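A.B. asks: Provided below for reference: sequence and predicted model.
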Amino acid sequence: GEVSATPEPNESEYLSPVSIGGQTLNLDFDTGSADLWVFSTSLSSSSIGQHAAFDPSKSSTWEDYPGASWQIMYGDGSGASGTVGFDVVEVGGATASRQAVEIATKVSSSFVSDVNNDGLLGLGFSKINTIEPQPQKTFFESVLPKLDQPVFTADLEDDAAGTYEFGRVDTTKYTGMLHVTPVDSSNGFWEFASTAYSIGGTTYQNSGASTAIADTGTSLLLVDDNVAQAFYAQVQGSQLSRTAGGYVYPCSAQVPDFGVQIGSSGFIATIPGSDITFAEVGQGTCFGGVQGNGGGGIQIFGDVLLKQYFAVFNGGNESFGIAAK
Ligand SMILES: CCNC(=O)c1c(-c2ccccc2)csc1NC(=O)CNCCc1c[nH]c2ccccc12
């Protein structure tokens, strides 16, 4: 079948309505993790706040997974944990009839205050699913055999709604060719080679990290620290601010275009300098959407890059493709 879920953009995340046991929640579709977890009625009412909370006792199709648990921690220090069960999960038009659903009994403060999302729907590979004693399939892996094509696409927009589609590639959504690179899923991510970058149209070879992941769950573009340093060397007045947690610069600064290689084919995906500012942090200072990855070997290509393109995630031949739109 073919399905589409139109996420509501909010700040840096793209939320899509998901039906679980007949209850609808807004979940953040996240290719950088592999847990489907939801705010639940087991949380304290102060944690639930304005969030939609899933109540397993009100689902006629809920099945407990006795003794199972999960616990996830993200690089930004946020995290959640809880218990597990199975239920019918429906996105757009595709249905996973017995999908592992992770009930949050604890969530970190950043999720409590992020009132727009009621949980995450992981679209990474289940080898990084955190369910104990046995990792469970992601929603995409559950529906894959039933899809016309073993793919999902992400068409993230800046301030307009974006769209995730499962089972087909809507060729009217992009122009020119799809630049496809093989994916190495051994770390559980949609990971590919990336050994070059461009600043203001001039291409350079990476000196450090040589791979990157396509990560719709991360807002920023986290590149090798040396690459970030080289980029901001060309932004007048920029500095690495510990208080801001990254590179900042005068909002009036001229920001060059920045590009990163997708796969070893040589295609450089470019972000116009005018789209690189992520946030104003006050007093005419702006926080950049390009930041260092803190020395990890993997670069994280988040929404700052992905929203410039139409992206195709192929679970059949394990490849990642992007095209201009
Ligand atoms: C900043 C979020 N990203 C990460 O931590 C991350 C890292 C990572 C690891 C260490 C240091 C920095 C980043 C590797 S893959 C990866 N990607 C993910 O983990 C994707 N999932 C992020 C989910 C997430 C974390 N905080 C949120 C707040 C709102 C919506 C979604 C989220």
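C.D. replies: Structure received.

A.B. asks: CA atoms for contacts and neighbours, from now on please.
C.D. replies: Fine.

A.B. asks: enumerate the residues of the stretch 1-150 of the chain near the ligand.
C.D. replies: Within reach of the ligand by C-alpha under 6 Å from any ligand atom, the stretch 1-150 of the chain has these residues: 30, 32-33, 74-76, 78.

A.B. asks: among those residues, which are located in strands?
C.D. replies: Among these, the ones falling in strands (DSSP state E) are residue 30.

A.B. asks: now list the buried members of the residues of the stretch 1-150 of the chain next to the ligand.
C.D. replies: In those, burial by neighbour count holds for 30, 32-33, counting by 16 or more other C-alpha atoms under 10 Å.

A.B. asks: go through those and name the one nearest residue 260.
C.D. replies: Residue 260 has its nearest neighbour among these in residue 32, at 18.2 Å by C-alpha to C-alpha.

A.B. asks: ok, the closest one touching residue 214?
C.D. replies: Yes: in this structure residue 32 lies within contact range of residue 214 using C-alpha atoms under 8 Å: 7.1 Å.

A.B. asks: what do those two both touch?
C.D. replies: By C-alpha atoms under 8 Å, 6 or more residues apart in numbering, residue 32 and residue 214 have these common neighbours: 189-190.

A.B. asks: residue 325 against residue 174, yeah?
C.D. replies: Yes: counting by C-alpha under 8 Å, residue 325 touches residue 174, with 4.2 Å between them.

A.B. asks: looking at the protein, which residue is nearest the ligand?
C.D. replies: Taking C-alpha to the nearest ligand atom, the ligand has its nearest neighbour within the chain at residue 75, 3.1 Å off.

A.B. asks: excluding its backbone neighbours, what's nearest residue 255?
C.D. replies: Once flanking residues are discounted, residue 255 sits nearest to residue 273: 4.8 Å by C-alpha to C-alpha, 6 or more residues apart in numbering.

A.B. asks: re earlier: Serialize the residues of the stretch 1-150 of the chain next to the ligand to TSV and add fields for pLDDT and distance to residue 132.
C.D. replies: Formatted as TSV, those follow (pLDDT from 0 to 100; distance: C-alpha to C-alpha, whole Å):
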residue	pLDDT	distance to residue 132
30	95	20
32	98	19
33	98	16
74	96	18
75	92	21
76	91	23
78	96	20
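
A.B. asks: what's the nearest residue to residue 144 if we skip its chain neighbours?
C.D. replies: Per C-alpha to C-alpha, 6+ apart, closest to residue 144 is residue 150, 5.5 Å.

A.B. asks: how close does the one you found get to residue 124?
C.D. replies: Note on residue 150: its distance to residue 124, by C-alpha to C-alpha, to the nearest Å, is 14 Å.

A.B. asks: out of the two, which sits in the busier spot?
C.D. replies: residue 124 (28 against 21; other C-alpha atoms under 10 Å).

A.B. asks: check the secondary structure at that one for me.
C.D. replies: Secondary structure for residue 124, judged by DSSP: H, G, I helix; E, B strand; the rest coil, is coil.

A.B. asks: could you shift the numbering so residue one becomes 5, and keep it that way?
C.D. replies: Sure, I'll start counting at 5 from here, so that last one is residue 128.

A.B. asks: I'd assumed residue 37 was in contact with it.
C.D. replies: Yes: look at residue 128 against residue 37 with C-alpha under 8 Å: they come within range, at 4.9 Å.

A.B. asks: what sits in contact with each of those two?
C.D. replies: Shared contacts of residue 128 and residue 37, defined by C-alpha under 8 Å, 6+ apart, are found at 192-193.

A.B. asks: picking up where we left off before, for the residue of the chain closest to the ligand, grab phi and psi.
C.D. replies: Residue 79 adopts backbone torsions of phi -60, psi -20, taken as degrees, to the nearest 10.

A.B. asks: quick one: low-confidence ranges for the stretch 205-329 of the chain?
C.D. replies: Across the stretch 205-329 of the chain, nothing is flagged by pLDDT under 70.

A.B. asks: just the helices in the protein please.
C.D. replies: 49-52, 113-117, 143-147, 229-236, 307-310 (DSSP state H).
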